[in-house]
Each structure stands twice: as C-alpha cells, then as structure tokens.
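>>> when you get a sec, could you give me coordinates for this:
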Amino acid sequence: MATLILDRGGVGALATQRARLAELRRRGLWPVQVPSVVLAEALTGDHRRDVAANRLLKACQIRDVTELLAREAARLRATGRAGTIAAMDATVVAFASACSAPVILASDPKDLGALADHAQQPIVISAT
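Reported below is the predicted structural model:
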C-alpha cells in the first residue's frame, strides 16, 4: 500500500480540491502524511486565510521530523545541487524515504525528483 506525503504545494492543491480528496480516499491513499515542518510553508498564521488548509490538515496525519530524518535531509542536500535545493524539500524526501511505498504530491517535482534519486528507496513524485 502506498503512502501519500504532501509538501507545501500538495497541501495547497488538496485544500481546494474536494473531488481529488474523495478520489484519494477511494484509492486507499488516506490518511495522508504531512511532515510537521511543511506547516511552516503551507500556512500563513492568519486563521482566516488558512481555513481551507487547516480543514485539510485536520484530516491528515502530521508527523514530527526527528533528528535522524533531519540528518538524512542534510545528506540528501549534499548530493549534487545542495545550494539550489531547499532544506524543506530535502526534509520531505527524507521523510518519504522512511515510509512504505512513498508517493509525494508536490508543487516542485523537479527538485524533489533530484533529491529522490539519492534516497534510500524509490520514491514516486507526483505533480500537483
């Protein structure tokens, strides 16, 4: 069974696409996993502007990023284009590499794909 993981763009896209949410549930890709650090980019801090994202996030499993995952993210950033790839993207890929059959729903599949090439297991990157 695949594990669906969201980055910032994934949260933003799914927050406004109820039909897509229903399809993911039908396909057994629920609950979705969201590394806790993604909230820093996905939310504005203004509850009025974050209503849709917060509604989605209540139905997701928010997961802490451990020291071990943060170190794996650092290793991934050091492979190739470290200076041009965000630490947040590397953290999402490190988190995904610790999941079963990971699929990342992302706004930037190019950078995540470059990182996933160096992950400890195959990771599917799907564009929002």
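>>> what's R77 in contact with, if anything?
The contact partners of R77, taken as CB atoms under 8 Å, 6 or more residues apart in numbering, are 85, 87, 90, 115. Bear in mind the C-beta positions are built from the backbone N, C-alpha and C, glycine included.
>>> 6 Å instead, please
Neighbouring residues of R77 by CB atoms under 6 Å, 6 or more residues apart in numbering: 85, 90.
>>> do the same with P35
P35 is in contact with 63, 65, 92, 95, counting by CB under 6 Å, 6+ apart.
>>> if we go to 8 Å?
With contact taken as CB under 8 Å, 6+ apart, P35 is in contact with 5, 62-63, 65, 69, 91-92, 95.
>>> if I look at it, how far off is E41?
11 Å (CB to CB, to the nearest Å).
>>> for the helix or strand containing A19, name the packing helices and strands.
According to DSSP states H and E, A19 maps onto helix 18-26. Counting contacts by 3 or more CB pairs under 8 Å, 6 or more residues apart in numbering; DSSP states H and E, helix 18-26 packs against helix 8-15.
>>> contacts for the helix it packs on, please.
Contacts of helix 8-15 (CB under 8 Å, 6+ apart): 6, 20-21, 24, 32, 34, 38, 41-42, 52-53, 55-57, 88, 104-108, 128.
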